[in-house]
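[1] Please work out how this folds:
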Amino acid sequence: MKKYLALLAATVFAVGAYAGEFADVSVTDVKALADAKTAVIIDANSPDSYATGHVPGALSFAAIQGNLAASLPADKNALIVAYCGNPKCGAYLRAAKAAQTLGYTNIKHMPAGIDGWKAANLPTEPAK
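    As a prediction, the model looks like this:
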């Protein structure tokens, strides 16, 4: 029983550390940010998913990752929101950590992802 509790505690700690690295932001808040164009929003999904439909104004991480610095603002305090497919998807971390490596300090995560965005009946934009 003690081994089980220790394993459970370690799992909870690991998941909590993983999930808490970047602050979460709701789809409602991201909608407001997208409408106001007050954040850089990065879609970390596959190019096919991005092409099918993404948060309006979102950048495709797959398309910009080779030259991410040129796609982000000079202000290292600018708000950056990264997302991927759904709450179980961890692909957003690649985009968030890449921005963090470049010195950006105000990075958030939309855990609902594009699935949650669509479930909320919010508009998507196809790739241009």
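
[2] which stretch of helix or strand covers A70?
    Here A70, judged by DSSP states H and E, is contained in helix 68-71.

[3] pLDDT averaged over that helix - what is it?
    With pLDDT averaged residue by residue, helix 68-71 scores 96.

[4] in its sheet, what does the very next helix or strand once past that helix sit against?
    The first helix or strand that comes after helix 68-71 along the chain, using DSSP H and E, is strand 79-83. Here strand 79-83 is paired, per DSSP bridges, with strand 40-43 (parallel), strand 106-109 (parallel).

[5] How far away from the center of its chain is the helix holding A70?
    Using CA atoms, centre = their mean, to the nearest Å, we find the averaged C-alpha position of helix 68-71 to lie 16 Å away from the chain's own average C-alpha position.

[6] cool, and stretch 88-98?
    For stretch 88-98, the separation from the chain centroid amounts to 6 Å (computed by CA atoms, centre = their mean).

[7] Next: stretch 102-121.
    The chain centroid and the centroid of stretch 102-121 are separated by 4 Å under CA atoms, centre = their mean.

[8] Contacts for that stretch, please.
    Contact partners of stretch 102-121, identified using CB atoms under 8 Å, 6 or more residues apart in numbering, comprise 22-28, 30, 43, 45, 49, 53-55, 68-69, 72, 76-87, 89, 92, 96, 99-100, 124. Heads up, the C-betas are built off the backbone N, CA and C, glycines and all.

[9] circling back: pick the most buried one from the strands paired with strand 79-83.
    Comparing the strands paired with strand 79-83 by mean neighbour count (mean count of other CB atoms under 10 Å), strand 40-43 comes out on top with a mean of 26.

[10] Which elements pack onto the next helix or strand after that strand?
    Towards the C-terminus, the helix or strand next in line after strand 40-43, according to DSSP H and E, is helix 47-52. Using 3 or more CB pairs under 8 Å, 6 or more residues apart in numbering; DSSP states H and E as the contact criterion, the elements in contact with helix 47-52 are helix 61-64.
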